[in-house]
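Asks: can't give you the sequence, but here's the structure:
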């Protein structure tokens, strides 16, 4: 089991409802909808189903609408947004959760050239984040601007790279 799934299960074991939004499936015949699956009474997988062939802007708009509907009906008091990718901010940026966590440990495929450029969504997410987890490994160098600007919220996690001792 991957680390994010372990964390979600731990939170859910503490009588806390955890809703994990999956990447969308482009299989809706008509109107977009959410499907729900559960691994326990308190751990829910939420899958957006949207129509294929939409532009990126239409996908973002559709995901924003699905999230708005979900939050309206969920009636949550205190909630946390835990991001595994900054692209999710594109459809969730209008909300102000109690805590924002950016967990980019699994983004190990970042190239060295991408390290020096920070996506505008990532910059915005870093501004909003209360806590950031990032990987330090031989294949994923430390982002210089993170250490200089966001040192108060960034926590480095060493990642063992298979095949390298």
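Replies: That came through, no problem. These numbers come from a predicted model, not from an experiment.
Asks: longest single helix anywhere in this structure?
Replies: Ranked by number of residues, the top helix in the chain under DSSP state H is helix 56-74.
Asks: so the closest residue to residue 98 other than its chain neighbours, which state does it fall into?
Replies: Computed as CB to CB, 6 or more residues apart in numbering, the closest residue to residue 98 that is not its neighbour in sequence is residue 78, at 5.0 Å. For the C-beta atoms, the positions are set from N, CA and C on the backbone; glycine is no exception. The three-state label given to residue 78 by DSSP: H, G, I helix; E, B strand; the rest coil is coil.
Asks: give me the number of residues near residue 78?
Replies: Other residues within reach of residue 78, judged by other CB atoms under 10 Å, total 8.
Asks: state the distance from it to residue 32.
Replies: Noted for residue 78: a distance of 27 Å to residue 32, by CB to CB, to the nearest Å.
Asks: check residue 16 too.
Replies: Residue 16 sits 28 Å away from residue 32, going by CB to CB.
Asks: neighbour count for these two, which is higher?
Replies: residue 32 (19 against 12).
Asks: hmm, the more buried one is touching residue 47, no?
Replies: No: applying CB atoms under 8 Å as the test, residue 32 and residue 47 come out as separate, 11.2 Å apart.
Asks: break the chain down into its domains, please.
Replies: 1-76, 79-159 (automatic domain parsing).
Asks: alright, I will stop here.
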